[in-house]
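S.K.: mind folding the following:
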Amino acid sequence: MSVTRQVDRRLTEIGSSIRRWRLMQSLKAVEVAERAGISRSTLQKVERGDAGVSIGAVMSVMQALGQLDHVSASFDPLSTDVGRLRSAETLPDRIRR
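M.R.: Numbers count the residues shown, from 1 in each chain. All right, here's what the predicted structure looks like:
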């Protein structure tokens, strides 16, 4: 599978997950869009996994859904065993803290 297809598939999965978060909270699209400071059509693109949507829009939607901390934490390399091991090998002590 090509890199582009893998990315497109993941974007679609992420968009579907975002939509599920919204629906589980019984929120209308217009409500989330307003809270996120984006248009309803941009929210629709986020929920479809459109690659042209800015990461800022995605993060604003996650904030509106109360999930921004989870997203942010998922990018922390120190949250994984491999990341912690590699940081011990490569990063100066003042950065690892």
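S.K.: going forward, measure contacts between C-alpha atoms and count neighbours the same way
M.R.: Will do.
S.K.: what about the helices in the protein?
M.R.: With DSSP state H as the criterion, the chain has helices at 3-24, 29-36, 40-48, 55-64, 68-74, 81-90, 93-96.
S.K.: I'd like those helices laid out as JSON lines, including mean neighbour count.
M.R.: Shown next, in JSON lines, are those (neighbours: other Cα atoms under 10 Å):
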{"stretch": "helix 3-24", "mean neighbour count": "15"}
{"stretch": "helix 29-36", "mean neighbour count": "17"}
{"stretch": "helix 40-48", "mean neighbour count": "19"}
{"stretch": "helix 55-64", "mean neighbour count": "18"}
{"stretch": "helix 68-74", "mean neighbour count": "12"}
{"stretch": "helix 81-90", "mean neighbour count": "12"}
{"stretch": "helix 93-96", "mean neighbour count": "8"}
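S.K.: hey, least reliable of those by pLDDT?
M.R.: The stretch with the lowest mean pLDDT among these is helix 93-96, at a mean of 59.
S.K.: for the residue nearest the centre of the chain, list the residues it contacts.
M.R.: Using Cα atoms, centre = their mean, the residue of the chain that lies closest to the mean C-alpha position is Val71, 5.1 Å off. Contact analysis of Val71 by Cα atoms under 8 Å, 6 or more residues apart in numbering lists Met62.
S.K.: next one: Ala57
M.R.: 36, 38, 42, 46 are the contacts of Ala57 under Cα under 8 Å, 6+ apart.
S.K.: which two from those residues end up farthest apart in space?
M.R.: Farthest pair in the contacts of Ala57 (Cα to Cα) is Ala36 and Val46. Separation: 11.6 Å.
S.K.: how about the nearest residue to Glu13 once chain neighbours are set aside, what does it touch?
M.R.: Nearest residue to Glu13, sequence neighbours excluded (Cα to Cα, 6 or more residues apart in numbering): Gly49, at 7.2 Å. By Cα under 8 Å, 6+ apart, the residues touching Gly49 are 8, 11-16.
S.K.: okay, those residues in TSV with distance to Leu27 next?
M.R.: Output for the contacts of Gly49, formatted as TSV (distance: Cα to Cα, whole Å):
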residue	distance to Leu27
Asp8	26
Leu11	22
Thr12	20
Glu13	20
Ile14	18
Gly15	16
Ser16	15
